[in-house]
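**Student:** My questions concern the predicted model and sequence given below.
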Amino acid sequence: MALEIMITVGGSDYYVSDEGHTGASFGTTSGSQYYFPFVAVPPRLTLGPTDGGYIQVQSGNLSLVNRPYDTNHPFSGTNYRNMLSDAGSTSNVPTIAIKDSTKYAIFDGTLIVSNFNAETINFLIEPKEFDFYLAEGTVTDSTGSTVSIPFGFGQISFMPNYPYKGSDVFANGTSKHPIFSGVVTPVLREATSSGGTAGTALYSSFTPTATTLTGSGGTAYGLGGLLVSGRTTKVNGDPTDAADVLSGRIDTFAEYMAADLGLSTNYDTTKASAHAADAIGIWQTEKIKSLDLYSKVSYSINHQFFIQKNQSNGNDTLYLVDRNNNPTATELTEQEIISSTYRILKPLGVVIFTRRNYQFNDAYITESTLTNTSENLPTGRTINVHNYWRGTSKLFPPVQSDLDEFRDIEKKPIATVTLEGIKDTYTPGDRFTFNRQQDQVKVDLLTRSITWDWANRQTTLSGDANLSIYEES
């Protein structure tokens, strides 16, 4: 097999490799596509979590020979001129797809010029851009102020900052991200002197649209402190359709992420089945990039995700991985292992999960912090996590065993193993076992990051591991 790269720039595709050869086009298993030998230094690409649960490019680089007058080169003629004029901007950013033995690309991303000279052009490889946002809308409220429209997912319980537009109408999200479904009647309560610790229930019925929630009957809103509860709606959903009501389950969260990121229904929860039915709740009141929030939430609930082409159909697919998932292992042999290292982390003291809690106190709303902990040692490092778990009832604190699973992953040592060859079918969440006689170690590793080094034709796997002594029988 051979390195094969497709670079798209200036509206055209260019095919390059470190050695000129004829091979299959992207998305086919045979063909006569010629790959020009323009790669000066083959790519080295590492995929792994950078901040939170989103597995993306941690580092990546590629060097091409500089051929500004060769029309077969991706950066020649007008493209070379644009490369110079667009340097440091976001205009005309080239995209890159890489494969080796697979039918479809194992990586899709962008190329950023880092430096060049007469001989080479050097690039950084960056992740594919998903330019989507949550809590992206604004509205003029009843006071004339411009306020953000929150984003909600799952079961929302007594959350503030639900915008009131006036005349019994509330801002119920955006057309892409409607908040509350009317199929499960929302609950609005206002802090009043007569409401005590329960608040005063507002309205007896509601009429929802994707962008508004209109109350009628019962007690009208009096512009006091307001808390809202209810069930949310799918991406581009209909708040009046029972089929579009969200349960808040983790598998539904994967479906929501895929739809929001433009991946349609292309998501896979094969490695996240154990907690698929567990519930989460999200109430985001400030504009945030979709991937940033999804990354925070996934990490909080002990999951990770990555986006890669499905090798069966070529569709960009979101893969959700439960970090506690323990799939069938692939056993690595001594013959394919080049090297291995082991890193013992600083002892873990405690993991602290917190979230804001809001309660009625007569005519006021009080705010406090609810804390759940998973302790490991009396002293040691502390990990603080925002708590998105809703527990099995969707209303109460999370199950302690779920928090303990997070703790048990975080206290494990990290094993890294480098293998001969480009292992382009391995993905995050895969499990590997191997014995290292020279280290006297048996390793059971769950992959969190993968490095492909095409210059040396090597693959490096790294992740949390169980280590035990190896005694040759």
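**Tutor:** Here it is on my side, so go on.

**Student:** Show the residue spans covered by the helices in this structure.
**Tutor:** 78-85, 250-260, 290-300, 400-410 (DSSP state H).

**Student:** Looking at the ones you listed, which is nearest to Gly217?
**Tutor:** Closest to Gly217 of the helices of the chain, according to CB to CB: helix 250-260, at 31.4 Å. In short, each C-beta sits where N, CA and C put it, glycine included.

**Student:** And Pro163, how far from Arg355?
**Tutor:** Distance from Pro163 to Arg355, counting by CB to CB, to the nearest Å: 22 Å.

**Student:** okay if I get the helices of the chain as CSV plus mean neighbour count, distance to Glu4 and mean pLDDT?
**Tutor:** Shown next, in CSV, are the helices of the chain (neighbours: other CB atoms under 10 Å; distance: least, CB to CB, whole Å; pLDDT from 0 to 100):
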stretch, mean neighbour count, distance to Glu4, mean pLDDT
helix 78-85, 15, 20, 92
helix 250-260, 23, 27, 96
helix 290-300, 22, 28, 96
helix 400-410, 17, 36, 93
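
**Student:** Can you add distance to Ile280 and give those helices back as TSV?
**Tutor:** Formatted as TSV, the helices of the chain follow (distance: least, CB to CB, whole Å):
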stretch	distance to Ile280
helix 78-85	44
helix 250-260	6
helix 290-300	7
helix 400-410	11
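
**Student:** Nearest to Asp108, out of these?
**Tutor:** Short answer: helix 290-300, nearest of these by CB to CB, at 14.7 Å.

**Student:** Check which helices and strands the closest one sits against.
**Tutor:** For helix 290-300, the elements it packs on are strand 133-134, helix 250-260, strand 281-284, strand 303-309, strand 381-386, judged by 3 or more CB pairs under 8 Å, 6 or more residues apart in numbering; DSSP states H and E.

**Student:** strands paired with the third one, and their directions?
**Tutor:** Its sheet considered, strand 281-284 pairs with strand 151-159 (antiparallel) by DSSP bridges.

**Student:** May I have the strand it pairs with exported as PDB, CA atoms only?
**Tutor:** What follows is strand 151-159, C-alpha atoms only, in PDB (Å, rounded to 0.1, in the frame of the first residue of the first chain):
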ATOM      1  CA  PHE A 151     -29.700  26.400  23.800                       C
ATOM      2  CA  GLY A 152     -31.300  23.500  25.500                       C
ATOM      3  CA  PHE A 153     -30.900  19.700  25.200                       C
ATOM      4  CA  GLY A 154     -32.700  16.900  27.000                       C
ATOM      5  CA  GLN A 155     -34.600  17.400  30.300                       C
ATOM      6  CA  ILE A 156     -34.300  21.000  31.500                       C
ATOM      7  CA  SER A 157     -35.200  21.500  35.200                       C
ATOM      8  CA  PHE A 158     -35.700  25.000  36.700                       C
ATOM      9  CA  MET A 159     -33.200  27.000  34.600                       C
END
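
**Student:** how far off helix 250-260 does that strand point, in degrees?
**Tutor:** On the basis of axes from the mean of the first three to the mean of the last three CA atoms, to 10 degrees, strand 151-159 is oriented at 130 degrees to helix 250-260.

**Student:** how close does the residue nearest to Asp238 when sequence neighbours are not counted get to Val183?
**Tutor:** Closest residue to Asp238 apart from its sequence neighbours, by CB to CB, 6 or more residues apart in numbering: Asp244 at 5.2 Å. Asp244 is 8 Å from Val183, where distance means CB to CB.

**Student:** What separation is there between the spatially most central residue of the chain and Gln308?
**Tutor:** Nearest residue to the geometric centre of the chain (CA atoms, centre = their mean): Tyr54, 3.6 Å. Computed as CB to CB, the Tyr54 to Gln308 distance reads 12 Å.
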